[in-house]
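Peer 1: Kindly return the folded structure for what I paste below:
(chains A and B)
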Amino acid sequence: MPLTIYNTLTRSARPFAPADPKRITFYTCGLTVYDDGHIGNFRSFLAADLLRRWLESPLCELVNDPAGSPRRVVHVMNITDVGHMTDDDSADGGGEDKMAAGGRRIAEAKKSGKLPPGVEIDPTDPRAVAEFFTGRFLRDARDMGLKVAIEQATNPLVMPRATDHVPGMIVSIERLISRGHAYVVGSPGSRVVYFDVRSLASYGALSGNTLDRLREGEGGRVRAENQAGKRHPSDFLLWKEDRTHLMKWPSPWGEGYPGWHIECTAMAVRCTHPEAASLDLRTFTVPDGLPIFDIHSGGEDNIFPHHECEIAQSCAAFNALPEGAPLARLWFHPRFLLINGEKMSKSKGNFATVRQLIDQGHEAAAIRLELIKTHYRSNANFTDQGLKDSARLVERWRRMLDAADQARAHSPEAGDQAARDRCRAEFAAAMNDDLNIAGAIAALNRWANEVREPLPGDGVLLRELDAVLGLFDRPRAHGQETDIGVFAPGVEPDPRVIDLLLARREARARKDFASSDRIRDELAAMGYAIKDVAGGRVEVRRA
RNA sequence: GGCCGCGUGCCCGAGUGGACUAAGGGGGCGGAUUGCAAAUCCGUUGCUCGAAAGAGCGUCGUCGGUUCGAAUCCGACCGCGGCCUCCA
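Peer 2: Below you'll find the model as predicted:
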């Protein structure tokens, strides 16, 4: 059965048929780099990565391309390094610039000594702030196995930065004006360019927020006092002239900054196109209202207004027939991640970043599995218990892989090929069914439970499935070696703990188990779990 | 007010009309291992009766409906989450 995916645009799951299965184009709305990416951001990026890896797997079958044939996904994920306003509701852009907010965070970290050593950064320079968080994001993304971030090292085009595409945004806006979809208000010194939502009857098709349904007063976006010269309350900002702004660029409408939807229009069109480098946005036109690329993804909160506005802009600017085009064939929106059953929010203080988890000693592979193992269209819940479960699963599969590799030297046996074929088929069937990852993992475990002695052929299958799951290649932190044993990643070898462990070793040597058990209880009370291993040594972890 | 997603066993989570009425994981229980633990491996895990094979009853938010048959389809209701400001 070929791959079926739920499409936000059609509100239904249909077989996915890219224009060219040998070159599938995929654009993901990435991170605004004014802070570290949190696990919610990564859940959505990893869902996109899982889709991309599945499309590239030989096991994946498409309605217009059989399984087993090589396939390439051109996956582009942008980096928003322009500081859009924290309050987008007022028509002329209010609130604080996000890069300024990011700079403030850096300044605070500097003051409290939390900034990593060796980092010299000017918190008032928005470009430096963006650069700082971009570097951290790329590192986290690669640790998490985001293929697009790994590719970025050799092909920067797959992760374009908004500040590098301002000319493309300006060209896009010019085309919107000349095609009658945008207009300029105000006089030099305070000009604003708006998109004219009434010029496109299909506005609202993605989100269901058609113009008649966008009621005044529910949010604040459509509010009379914020209109500032708009022709319709839902018209949105494309360019704002503002010479005092933190980040500004010259344009035909004066020095200022772009609206927050237009960057994706410019980057998506350019970067997914085969002739990206030479593509001239001035003349680029998509015939007959066809989609410009195959897949567009982003968190569910992006559906409105961001993706709705992006469709409107892109189709109005580049499609011969703007009304009939959905910009992308497939709109893929992973749901939000809850943490311990609650929505993450800064006020509750329950934010977790990938970097924090890794620094605490959690394995990258376990974090990745925990974030991908719930179906992308459910609200997943991130918990400590879940993270433990995932870590254990990863360990189990790794042990199996190691055993299979060990068997390579002395076992010419093929093993149970029929069982492997069944696993492969069940895994594929689950993934083809709207990325049923839990079903796919169950298929893997059912098979793994049957394999008593892993053989080389089993290792081949494990690697084949892991090309999709993306777990084996994640970096593994190593614990710190000491005389008494090894301290797990994230656990500092406290001298007090070492003294207790030495005392316990002596007690055990004397067979004074009452004392040794008392010490173990004492360590447990301090939050340490210990495990005895060969040679009188121990492994120390957080309890 | 509009649009959308969801509600499964102790917990997490598959299953979208029929092989006993729920995959897989966790937890629990039993065993191997260990001085004891931890980790790992094996078995087991709705209830009642039975030593056992087995038999009976029950379960998928609630209430109705469709059907020979429903966790699965339809309707109503209850509850949770998201969007309609910024957020992945």
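
Peer 1: Mind telling me what element A:Val193 is part of?
Peer 2: If you go by DSSP states H and E, A:Val193 is part of strand A:192-195.

Peer 1: Contacts for whichever helix or strand comes after that strand next, please.
Peer 2: Of the helices and strands lying after strand A:192-195 in sequence (DSSP H and E), the nearest is strand A:236-241. Strand A:236-241 is touched from outside by A:91-93, A:170, A:173, A:176, A:182, A:186, A:188-195, A:197, A:251, A:253-262, A:305, A:309, A:313, with contacts defined as CB atoms under 8 Å, 6 or more residues apart in numbering. In short, each C-beta sits where N, CA and C put it, glycine included.

Peer 1: just the buried members of these?
Peer 2: Using 16 or more other CB atoms under 10 Å as the burial test, the contacts of strand A:236-241 include A:91-93, A:170, A:173, A:176, A:182, A:186, A:190-195, A:197, A:251, A:253-254, A:256-262, A:305, A:309, A:313 as buried.

Peer 1: What parts of the stretch 351-500 of chain A come near RNA strand B?
Peer 2: Within the stretch 351-500 of chain A, the positions adjacent to RNA strand B are A:374-375, A:377-381, A:385-386, A:388-389, A:392-393, A:395-396, A:399, A:430, A:433, A:436, A:438-439, A:441-442, A:445-446, A:449 by CB under 7 Å from any atom of the strand.

Peer 1: Show me these that map onto helices.
Peer 2: Mapping these onto helices (DSSP state H) picks out A:385-386, A:388-389, A:392-393, A:395-396, A:399, A:430, A:438-439, A:441-442, A:445-446, A:449.

Peer 1: how does chain A divide up, domain by domain?
Peer 2: A:4-165+A:261-334, A:338-469, A:480-542 (automatic domain parsing).

Peer 1: want to throw the ones you listed into JSON lines with distance to A:Pro233 and mean pLDDT?
Peer 2: Formatted as JSON lines, the domains of chain A follow (distance: least, CB to CB, whole Å; pLDDT from 0 to 100):
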{"stretch": "domain A:4-165+A:261-334", "distance to A:Pro233": "9", "mean pLDDT": "88"}
{"stretch": "domain A:338-469", "distance to A:Pro233": "29", "mean pLDDT": "89"}
{"stretch": "domain A:480-542", "distance to A:Pro233": "51", "mean pLDDT": "91"}
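
Peer 1: Of these, flag the one that's most buried.
Peer 2: Ranked by mean neighbour count under mean count of other CB atoms under 10 Å, the domains of chain A are led by domain A:4-165+A:261-334, which reaches a mean of 19.

Peer 1: Do me a favour and get the end-to-end distance for it?
Peer 2: 15 Å (CA to CA, to the nearest Å).

Peer 1: and what of stretch A:473-486?
Peer 2: End-to-end distance of stretch A:473-486: 23 Å, with CA to CA as the criterion.

Peer 1: try stretch A:272-287
Peer 2: 16 Å.

Peer 1: For it, which outside residues touch it?
Peer 2: A:23, A:25-27, A:74, A:76, A:157, A:168, A:171-172, A:175, A:266, A:269-270, A:292-293, A:318-320, A:325.

Peer 1: One more: stretch A:376-396?
Peer 2: For stretch A:376-396, using CB under 8 Å, 6+ apart, the contacting residues are A:6, A:39, A:43, A:47, A:50, A:332-341, A:352, A:357, A:362-363, A:365-367, A:369-371, A:373-374, A:434-435, A:437, A:441, A:445, A:448, A:471.

Peer 1: Narrow those residues to those in strands?
Peer 2: A:Tyr6, A:Phe332, A:Leu337, A:Leu338, A:Ile339 (DSSP state E).

Peer 1: From RNA strand B, how far off is the second one?
Peer 2: What that stands for is A:Phe332. When distance is defined by CB to the nearest atom of the strand, to the nearest Å, A:Phe332 is 10 Å away from RNA strand B.

Peer 1: which residues does that residue contact?
Peer 2: Neighbours of A:Phe332 in contact, by CB under 8 Å, 6+ apart: A:Ile5, A:Tyr6, A:Asn7, A:Thr8, A:Ala47, A:Ala48, A:Leu51, A:Ile295, A:His296, A:Ser297, A:Tyr376.

Peer 1: would you turn those into TSV with distance to A:Ala141?
Peer 2: TSV is the format used below for those (distance: CB to CB, whole Å):
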residue	distance to A:Ala141
A:Ile5	23
A:Tyr6	25
A:Asn7	26
A:Thr8	24
A:Ala47	14
A:Ala48	11
A:Leu51	16
A:Ile295	19
A:His296	19
A:Ser297	15
A:Tyr376	18
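
Peer 1: Not counting sequence-adjacent ones, nearest residue to A:Asp49?
Peer 2: Leaving aside its sequence neighbours, A:Asp49 sits nearest to A:Leu146 (CB to CB, 6 or more residues apart in numbering; 5.1 Å).

Peer 1: if I look at that neighbour, how far off is RNA strand B?
Peer 2: 13 Å.

Peer 1: same check, this time on A:Pro66
Peer 2: A:Pro66 is 23 Å from RNA strand B, by CB to the nearest atom of the strand.

Peer 1: ditto for A:Lys248
Peer 2: 19 Å.

Peer 1: what's the closest non-adjacent residue to that residue?
Peer 2: Excluding the flanking residues, the one nearest A:Lys248 by CB to CB, 6+ apart is A:Glu255, at 5.1 Å.

Peer 1: for the one you found, what are its contacts?
Peer 2: When contacts are counted by CB under 8 Å, 6+ apart, A:Glu255 touches A:Glu241, A:Asp242, A:Arg243, A:Lys248, A:Trp249.

Peer 1: Just the buried residues of these.
Peer 2: Buried, going by 16+ other CB under 10 Å: A:Glu241, A:Asp242, A:Lys248, A:Trp249, out of the contacts of A:Glu255.

Peer 1: so what's A:Val185 bridging to?
Peer 2: A:Val192 (DSSP bridges).

Peer 1: is it true that it touches A:Ile177?
Peer 2: No. Counting by CB atoms under 8 Å, A:Val185 stays clear of A:Ile177, with 11.9 Å between them.

Peer 1: So those two - more neighbours on which side?
Peer 2: More neighbours surround A:Ile177 than the other of A:Val185 and A:Ile177, with 20 against 15 (other CB atoms under 10 Å).

Peer 1: Quick check: phi and psi at that one.
Peer 2: Phi and psi for A:Ile177, reported as degrees, to the nearest 10, are phi -70, psi -50.

Peer 1: check contacts around it.
Peer 2: A:Tyr183, A:Val184, A:Val193.

Peer 1: CA atoms only for the helix or strand encompassing the first one, dumped as PDB, please.
Peer 2: With elements taken from DSSP H and E, the one containing A:Tyr183 is strand A:182-185. Once non-C-alpha atoms are left out, strand A:182-185 reads as follows in PDB (Å, rounded to 0.1, in the frame of the first residue of the first chain):
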ATOM      1  CA  ALA A 182      -0.600  44.600  -2.500                       C
ATOM      2  CA  TYR A 183      -0.700  48.400  -2.000                       C
ATOM      3  CA  VAL A 184       1.400  51.100  -0.400                       C
ATOM      4  CA  VAL A 185      -0.100  53.600   2.100                       C
END
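
Peer 1: Look at the closest residue to A:Ala19 other than its chain neighbours and tell me its secondary structure.
Peer 2: Excluding the flanking residues, the one nearest A:Ala19 by CB to CB, 6+ apart is A:Asp294, at 6.3 Å. The assignment at A:Asp294 comes out as strand when based on DSSP: H, G, I helix; E, B strand; the rest coil.

Peer 1: For A:Asp294, give its distance to A:Leu387.
Peer 2: Using CB to CB, to the nearest Å, A:Asp294 is found at 33 Å from A:Leu387.

Peer 1: again with A:Cys315
Peer 2: Following CB to CB, the distance that separates A:Cys315 from A:Leu387 is 42 Å.

Peer 1: one step back: also within reach of RNA strand B: list those from the buried ones among the contacts of strand A:236-241.
Peer 2: Answer for the buried ones among the contacts of strand A:236-241 near RNA strand B (CB under 7 Å from any atom of the strand): A:Trp260, A:Pro305.
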